[in-house]
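Visitor: Everything below, folded, please.
(chains A and B)
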Amino acid sequence: MSAPRPALETATMVRAGEESAVDVLEHHLAVIDAGEESIHAFNLVLADSARERARAVDARVAAGEDPGPLAGVPVALKDNLCTRGVPTTCSSRILDGWRPPYDATVVTRLAEAGAVVIGKTNMDEFAMGSSTETSAFGATRNPHDTSRVPGGSSGGSAAAVAAGFAPLALGSDTGGSIRQPAALCGVVGMKPTYGTVSRYGLVAFASSLDQIGPFAHTVADAALLFDVIGGHDPLDSTSLHRPTPRVLSVLDDGVDGMTVGVLTEFLDGAAPDVAARVHQAAESLAAAGARIEEVSVPEVTLGLSAYYLIAPGEASSNLARYDGVRYGLRVDAPDTVAMNTATRSEGFGAEVKRRIMLGTYVLSAGYMDAYYNQALKVRTRIIEGFAAAYTRCDVLLGPTAPTTAFAIGAKVDDPLTMYLSDVCTIPSNLAGHPAISVPFGPGDDGLPVGVQLLGPALSEGTLFQVAAVVEAAAPDQPAPRLAAGAAS
Amino acid sequence: MTSGWQMVIGLEVHCELKTATKLFCGCPNVFGDEPNTNVCPNCLGLPGSLPVLNQQAVELAMAIGTALHCEIKPSTFHRKNYFYPDQAKDYQISQYDEPLNVNGHLDLPDGFRVGIERAHMEEDTGKTSHAGASGRIHGADYSLVDYNRSGVPLVEIVSDPDMRTADQARAYVTELRAILVASGASDGKMEEGSMRVDANVSVRTAADAPFGTRCEIKNLNSVRSLGRAIEYEAQRQIALIESGEAVVQQTRHWDEGAGRTEALRSKEDAYDYRYFLEPDLVPLVPDAEWIRAVGDTLGMMPAERRARLVGLLEESGGATDAQRDQITTVVDLGLDDLVVEAVAGGVGSGLALARTANEAATDADAARALDPKSYLELLMLEAGGLLSATQAKAVLAELFVRGGGDPAAIARDKGFEAMSEDSLAATVAVAVDGHPDEWGRYCAGDDKLAGFFTGLVMKATKGQANGKAVAAELARLRG
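Guide: Below you'll find the model as predicted:
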């Protein structure tokens, strides 16, 4: 089969007037038409506004202007990114009918770069989940095997890219919500350093952990998208006041002389076929000139526990505003408190309620020190553990997820097992560090495996540089049948 | 106060900062606009919105800290979580365990020092109005929320429990209000809610006894309410204790109409606010240079202004109690510069103070707008005997009406110029010539007759003569 055409190439052709943005869009809308029913990647396909946008891009090219580095490239947006006048649901009934009056900063930056927003993608409700099954609108299916989950919470975005619905997508990653579905769907997914991409207009799950990042077929395309969305934003007080590393230009620099640490704690819980792929990736990096070391960061094993105290704590506060008073769902009741209760009882799904209750509990008087504050100390220890490792290594290598995609329904009734699928991704969020998942061949079941590269804060350049070498050495992964059929 | 009992009072004052925009967004900070017109995604708490701290609000908060002699420290913001419809995010962003200003004090005009525990920043809520007979949430048909106030910057100033009488509490709020206005941080309008006072009141039997159980009183909309509520609450607590019951720690609502406090909620059902560090903001760490720059922009505080006027009265033997009251009035109204400039121009400090406290104060807005030179000229005419007190007041009133002008010209327009020194001398001479017997007795030392001649001159001039000038002329003629 022919691999989907990289976004970089599409943008170059559109900018040069060799292909119209409208044709690019129509091709992708046709792929969506053919495959969306079996995948359910989207909550909303924005065909009309995308066509309008594509025509505007073509008009600019015709007028001799440069529409920007993403000229005419369709981009799918996770449905927790605010889009002016367009429903933004977080795959929750509680936001029923709400249309944001403003665009998220990343959405504005996409528009300024000439991208064409093609739709809003399905997700776990409020990004709480690892399979996209907690969506109020039904699960998304993995394009490589529609009986399997795409991962989550940004499963819709990962599946959209894997299925060829869009060459690029944005997701958000609070505990692995970009990297884990990227691994399970066989695409590249990256979580930037906390503060490099503005959170303005990202509906908050856990504010100190959330970060927006790219999905793409290739490392280079992910780099292209990261370069567009990154950089300081005065509307986000946690946005860093320093230039974002420009990563696209360093992709060919190689790994000669670098030290890559294979993170033993991440391999301990990984399935044998996944662990084998990680070792294979390490060997390919060694072959490209990197020094490989086994590295232990014992603190990362505390990550999962700390995360499930910190993230729900923040979420319980962030989700308080969905009270039926101002927007979204309102279930009428005789008085305000009863209305709040009825609205939230009906509007939130089970997983969201579970985390709100958990979070409310860990912040409560008498319990805060034992739980939430203890978790903050663990967070500091994880940062220190990583810091020690990065005195010896440039990057760390491990699996993204412990297994390949699991069956729909297999874990949804067992939250603790489900939570374990983020065990390798959570530590980067707690540390605020960047990490990237790169497809690295099929596992024993033929489904995609992702290997993960982790680096210290603001090491995106190095990460992309190493990721490009891993990508070049990756074994062939059969393309999803859907995308193979439609893209030919 | 009932004998054998002492009150212990601490006050929490919420003050809205006079910024152009709100604390965390760019919406105008304006009172009284159409409901829900000064709102945006941020202050409506829309999903995805994020707070950005307003620099001007920080500077005004630091100005308050400086004026209250606080340490200004690195600080953080927390979320205070509770559900209420006028709270757009269902949490309030507030400074918690690391406030911006700590450990200050405020000196009352009588010198009593009240400690300031902290003065921290937080955002205001929206405003709920309940439609229905009661006007309160229980039994309302429906409720409406105006979010114009949502996100307006507040500083909460928490005093130490240092006050012992309702008078001290009143004086504290009055003085604090004057400081807030003088520092430019707030307009201090209690009636518009830009300054709101909660009082913590307890009673004990002796000054060295441990503090009693306190109650917090809310809904105090004026200095008068504050005093009444404290007196009522202290009596209520004393009655409880004397009848063998215990005071229950409560939040109580002051009912101005009924003149009593009512229980709102007790400690047992106090909210658990689940405070935690606001992850959408970074620590606020003002450096020494910024703190100094804010301090440099601060004008004189009321205490300094009062001291300045007291100083002016030193040469005339020091300020009397009545003059101290006048000084307080003049400073409260922001008219002390008029006095200072008049004295600098040669007017006696007693006259300048009295005219300002008694006459200029009747229209303080006009007086503040007056060119101090006009005011000085007017007082010079009076001091020099060219205008009587009555005439000077009339000219001042005219200056206010016209918004300024030349006092001498206004006096002429009013026909007061007849009272030049020459014409006054002529009028006195006519009075003396017409009453030789009385003049003789006056010259023999019967000083009471000075009043008789002054009366004649006043009658002849229809009250336009300056009494002091008449007395001086009489004394001169007697030799």
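
Visitor: buried ones in the helix or strand hosting residue B:307?
Guide: Per DSSP states H and E: residue B:307 is located in helix B:302-312. Across helix B:302-312, burial judged by 16 or more other C-beta atoms under 10 Å in any protein chain shown covers B:302, B:303, B:305, B:306, B:308, B:309, B:312. Every C-beta, even on glycine, is put in place using the N, C-alpha and C of the backbone.

Visitor: Assess the claim that the fourth one and residue B:327 are in contact.
Guide: What it means is residue B:306. Yes: taking C-beta atoms under 8 Å as the definition, residue B:306 is a contact partner of residue B:327 at 5.3 Å.

Visitor: Overlap in contacts, these two.
Guide: Listed as contacting both residue B:306 and residue B:327 by C-beta atoms under 8 Å, 6 or more residues apart in numbering or on different chains are residue B:336.

Visitor: Return the member of the buried residues of helix B:302-312 nearest to residue A:62.
Guide: Nearest to residue A:62 among those, counting by C-beta to C-beta, is residue B:302 at 69.3 Å.

Visitor: In contact with the closest residue in space to that closest one that isn't next to it in sequence, which residues are there?
Guide: Using C-beta to C-beta, 6 or more residues apart in numbering or on different chains and skipping the chain neighbours, the partner closest in space to residue B:302 is residue B:178 (4.2 Å). By C-beta under 8 Å, 6+ apart, the residues touching residue B:178 are B:188, B:302, B:331, B:332.

Visitor: could you pull out the strands for the stretch 1-150 of chain A?
Guide: A:42-45, A:74-78, A:116-121 (DSSP state E, counting those that start in this stretch).

Visitor: so what does the first one touch, helix or strand wise?
Guide: In terms of contact count using 3 or more C-beta pairs under 8 Å, 6 or more residues apart in numbering or on different chains; DSSP states H and E, strand A:42-45 is assigned the packing partners helix A:21-39, strand A:116-121, helix A:155-162.

Visitor: switch the cut-off to 6 Å
Guide: Secondary-structure packing of strand A:42-45 (3 or more C-beta pairs under 6 Å, 6 or more residues apart in numbering or on different chains; DSSP states H and E): strand A:116-121.

Visitor: check whether the strand it packs on contacts chain B.
Guide: No: if you take C-beta under 6 Å from any C-beta of the partner chain as the test, strand A:116-121 misses chain B, and the best it gets is 13.3 Å.

Visitor: quick one: contacts of that strand?
Guide: With C-beta atoms under 6 Å, 6 or more residues apart in numbering or on different chains as the test, strand A:116-121 has contacts from A:25, A:41-46, A:50, A:53-54, A:74-79, A:156-157, A:160, A:166.

Visitor: Mind checking which of those are buried?
Guide: A:25, A:41-46, A:50, A:53-54, A:74-79, A:156-157, A:160, A:166.

Visitor: The residue nearest to residue B:302 and residue B:230: what is the separation?
Guide: Per C-beta to C-beta, to the nearest Å, residue B:178 is found 20 Å from residue B:230.

Visitor: where does the residue nearest to residue B:302 fall, helix, sheet strand or coil?
Guide: Following DSSP: H, G, I helix; E, B strand; the rest coil, we place residue B:178 in the helix state.

Visitor: What's the local residue count around residue A:481?
Guide: 16 (other C-beta atoms under 10 Å in any protein chain shown).

Visitor: how about the residues of the stretch 1-150 of chain B near chain A?
Guide: So the stretch 1-150 of chain B meets chain A at B:41, B:45, B:47, B:48, B:50, B:52, B:79, B:81, B:85, B:89, B:90, B:91 (C-beta under 6 Å from any C-beta).

Visitor: repeat that with 10 Å
Guide: By C-beta under 10 Å from any C-beta of the partner chain, the residues of the stretch 1-150 of chain B that approach chain A are B:24-25, B:40-42, B:44-53, B:77, B:79-91, B:126, B:128, B:137-140, B:142-143, B:145, B:147.

Visitor: out of those, which are inside strands?
Guide: Using DSSP state E, B:79, B:80, B:81, B:91, B:128, B:142, B:143, B:145 are the members of those that sit in strands.

Visitor: wait, what's in contact with the second one?
Guide: Residue B:80 makes contacts with A:317, B:87, B:91-96, B:122-123, B:271, B:273-276, B:278, as judged by C-beta atoms under 10 Å, 6 or more residues apart in numbering or on different chains.
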